[in-house]
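Peer 1: pasting the sequence and the predicted model now:
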Amino acid sequence: MDQSVAIQETLGKEENCIVAAQCDILLEDCSESRLLGLVECAKEHAIFIYTHRRMAITADDVSLEDIIPITLDFAVVEVSSPEQLVVVGADTRVRMSYKNEKLELRLPFGSHSRFFLGEVNKAWSDVCRLPTQVPKFEWTKKYKKSIKRQEATKQAIAPLEVLSTKNNQHQKIEKVSDKKGSLEKVKSSNSISQKSKGNSSQDNQSISSREERDDLVRSSSHTASNKAQILAMPQFGLRDNLIRCELLKSEDSYTYLENFRFFLGTYNVNGQTPKESLRPWLSCTPDPPDIYCLGFQELDLSKEAFFFSDTPKELEWMKAVFEALHEEANYALVKLIRLVGIMLIFYVKKEHAEFISDVEAETVGTGIMGRMGNKGAVSIRFRFHNSDICVVNSHLAAHVEEYERRNQDFKDICSRLQFRQLDPTQPPLTILKHNVVLWIGDLNYRISDLDVDSVKDLISKNDFETLHSYDQLKRQIDVEAVFVGFKEGEIDFQPTYKYDTGSDKWDTSEKCRIPAWCDRILWKGKNIQQNHYKSHMDVRTSDHKPVSSLLIIGIKRVNPEAYKKTFEEIVRNIDKMENECIPSLSLSKREFHFKDVKFMQHHAETLNLFNDGQVPCQFEFIQKPNESTYSKPWLTANPSKGFIAQGASMDIDLEVFVNRTTAPDLNCGKQEIEDILVLHLERGKDYFISVTGNYLPSCYGTSIYSLCHMKEPIQDMPKETLLELAEKSPNDDTATDEKPLDIPKELWMMVDHLFRNAVDQEDLFQQPGLRTEFAEIRDCLDSGMPDSLPGSNHSVAEALLLFLDALPEPVIPFPFYQQCLECSSSAGQCEKVISMLPQFHKNVFNYLAAFLRELLKNSANNRLEVAILATIFASLLLRSPTKQDFAEKRKTQEFFQHFLT
């Protein structure tokens, strides 16, 4: 997940977060997680250090702690020990210094960290080229005034000699709980080189730290000598890209296939802790697998895990897995990735570890408003020998009738989950751009058109073929709605959901769920055969049964002699090229018009680039003078840079998407859909591409004041009126011809719909709706007032949350924010603040609070709690004007709770 988006939301208009990276700050006796952002403004660069509570999605998730300017006084050096340098799975340790301050950091292994360090090095190199031009960093002063130094950071800025002493020790991390969060306590241990020598018993018994997970994973593509040069990593040039392109074309001439055994497993543990051995599941094969990829769902169902992604159960289940791996082999843990309760673990036999490289992990949430991680996916991609493999573990939307929502979740995961490549000139890798894709998880597809008795009757007869014909996933695959090109083995085991916990009995609760094959394993790619596909009835911890599949996958291995011969031949041919040739492109079109652009509706058109020149070319969309990015914020080119071989072509998707940030100015006419893209060819000319469109104004992103002064739908309002209303203050009580509405009619329509239809709806405001239904609801609100809104209750509920989220000025306006925090513990003072709000804002607040109190009266049916509603709505009604740390977030929830009880 790209966390630079969250940092960008904290910055000014002229400031740009180039890249963000997660790290650990190494303190004297512990380590603490931080988010680093390389920020640029007016050709000056600085590293912004943020604290964060979880994977940063918005500005609410981060809090600025410190700023390190990149000047001649700045330096960054790698301080990894020689033993760590030869271990590819080992993280990268660097020391950043500025004047007399020094900070030691540990960045996770992977190309993203290398890319971050490369960009930092590039920024520092720019400073060195012009030593006489002293940066002033005027733009950082406003941040430094508001920064409150954390005590942990002060401890981290230690004298150089203390850090040097620490570097000579080999440390391991032991997690300990702390009221303020999760800290990691540093203890001395044996050196990594000792651990990686052989099959010591300690390797099989100890998995106490995240850092140890990667220690035994090596790679043939990184050695001590070249990993030490990461900070000075050269940029990929035209020649490098051409060699790589030609090598890819000739791959068959220097590779051969070798079969490896991949054990795939998925288990929804229903929030339980491990109560029994997992050996019946993980050691069910006669021979030990070469690779384990294990997915878990619902690891932790607590509210803390839901909202903040913290859980002690990660280590508990990891330990249970480690103890249950096949005893006839020794395994190294390559990677673990988790999003709330969705976890993916990747183990490899130790003898194969040196052939694992390019390991990257990403997550994407598909929960309410596309942010919550209670549903979504985690994924790990890696290179094994010469094959690129991507493993996805997903947990899709629940409930029998929500198969369309599951389809949408699948498509969202495929489009939004992207891996950054080591070569910055290349676009991110998506899931489907791998040689092999392995997809596991609780996909939640159910049995349709059969009642519970008919399903159980077919199960008792072992007539799984007939039962499978009613399976929603099979039906959706048959009509190519999802998993196009994927394969699934024959299902000859009984459904894996839902059982009474601790037994093999079908659900005996009041709901009496219809049995279903929720837990599935699919694959896509060539040279793959399935050895087994089964459930494991002997494991009874959860209301699901675990599932496993053993795949025999043909992996491409390199013949070194053939590779060398091919490489040398390619280089000789490139040398024969005439350097005088100027690259050239032909463009399919240079003018693009997007018709009827709407809020949060994706629009795309294709620009085809054909290399009609005599040489390969490298292109990039570049910034125009006095602009910080190559395009307006509502427009993106995907990919924005790349390489095209001679005679080849590439499609560029020009995508227009209006969100809460860009909607306000487009709604009132201050901005229009209009931009010029500059396509630059390396060693060639520039091409200019015109992008225009017409935007349909929306109530989403329009102020409460403006909406209260609109009796007609917003799309029927004259542009001049919209602009005039947008420029007025919420406190403007100038007399008008007509009495304004007390609250926006659009807000009333949504709340009234929910009040009449959804007071008993289970999981309201926690389960997402369908995007197609949101589009219908938005169109109804923007173009007319029907008798009732279309879509499900969940879709209307999410539409309401998105409406509040998109308000340019929140329900409690920004000037009142600090006052609300200060009085959050006093119900009387909180009510006093609300009484001072502008009239329309006060009306909206009281109306929403009254509605939510009505919902809570029916909590026995809808399962809503004060804490849940306070958490969801406080962040929307009481938004911070700049940033919001965890303490502030708690205070906003405390403030709003006074109005729910």
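Peer 2: All right, it came through fine. Residues are numbered from 1 along each chain as shown.
Peer 1: and the nearest residue to G525 once chain neighbours are set aside, what does it touch?
Peer 2: Leaving aside its chain neighbours, G525 sits nearest to V436 (3.8 Å; criterion: C-beta to C-beta, 6 or more residues apart in numbering). In this view, the C-beta of every residue, glycine as well, is placed from N, C-alpha and C. Shown in contact with V436 (C-beta atoms under 8 Å, 6 or more residues apart in numbering): S387, D388, I389, C390, W523, K524, G525, I528, I553.
Peer 1: now do the buried residues in stretch 712-725.
Peer 2: The neighbour-count check on stretch 712-725 (16 or more other C-beta atoms under 10 Å) flags P713, I714, M717, T721, L722, L725 as buried.
Peer 1: who's in contact with it?
Peer 2: Contacts of stretch 712-725 (C-beta under 8 Å, 6+ apart): 667-670, 696-699, 702-703, 705-707, 709-710, 781-785.
Peer 1: please indicate which of those residues are buried?
Peer 2: Of the contacts of stretch 712-725, these count as buried by 16+ other C-beta under 10 Å: 667-669, 696-699, 702-703, 705-707, 709-710, 781-782.
Peer 1: between which two of the residues you listed is the distance greatest?
Peer 2: Within the buried ones among the contacts of stretch 712-725, two members stand farthest from each other by C-beta to C-beta: L696 and Y705, at 21.0 Å.
Peer 1: in which helix or strand does the nearest residue to L344 once chain neighbours are set aside reside?
Peer 2: Nearest non-adjacent residue to L344, counting by C-beta to C-beta, 6+ apart: N393, 4.2 Å away. If you go by DSSP states H and E, N393 is part of strand 387-395.
Peer 1: if we can go back for a sec, in helices, which of the buried ones among the contacts of stretch 712-725 fall?
Peer 2: N667, C668, Y705, S706, L707, L781, D782 (DSSP state H).
Peer 1: quick check, nearest of the residues you listed to V656?
Peer 2: The shortest gap between V656 and any of those belongs to N667, at 15.3 Å (C-beta to C-beta).
Peer 1: what sits against the closest one?
Peer 2: Y695, P697, S698, G701, T702, I714, L722, A726.
Peer 1: repeat that for 6 Å
Peer 2: Residues in contact with N667 (C-beta atoms under 6 Å, 6 or more residues apart in numbering) are P697, G701, T702.
Peer 1: I'd like to know which of those is nearest to C23.
Peer 2: For those, the nearest to C23 is G701 (35.1 Å; C-beta to C-beta).
Peer 1: doesn't D805 make contact with that closest one?
Peer 2: No. The pair G701 / D805 is not scored as a contact, 9.7 Å apart, by C-beta atoms under 6 Å.
Peer 1: so between these two, which is more surrounded?
Peer 2: Taking other C-beta atoms under 10 Å, G701 and D805 do not tie; G701 has more neighbours (25 against 18).
Peer 1: for the more buried one, what are its contacts?
Peer 2: R660, A663, P664, N667, A806.
Peer 1: ok, and the closest non-adjacent residue to it?
Peer 2: Spatial nearest neighbour of G701, excluding adjacent residues (C-beta to C-beta, 6+ apart): A663 at 2.7 Å.
Peer 1: burial count for that neighbour?
Peer 2: Neighbours around A663, by other C-beta under 10 Å: 24.
Peer 1: same question, the one 10 residues further on
Peer 2: Around I673 there are 21 other residues, counting by other C-beta under 10 Å.
Peer 1: I'd say it and G693 touch.
Peer 2: Yes. Judged on C-beta under 6 Å, I673 makes contact with G693 at a distance of 3.4 Å.
Peer 1: mutual contacts of the two, please.
Peer 2: V597.
Peer 1: select from the contacts of G701 every entry located in helices.
Peer 2: Per DSSP H, the contacts of G701 map to helices at A663, P664, N667, A806.
Peer 1: out of the residues you listed, which comes closest to G271?
Peer 2: Of the ones in helices among the contacts of G701, the one sitting nearest to G271 (C-beta to C-beta) turns out to be A806, at 33.4 Å.
Peer 1: my guess is the closest one contacts R660. True?
Peer 2: Yes. Between A806 and R660 a contact is recorded at 4.0 Å, counting by C-beta under 6 Å.
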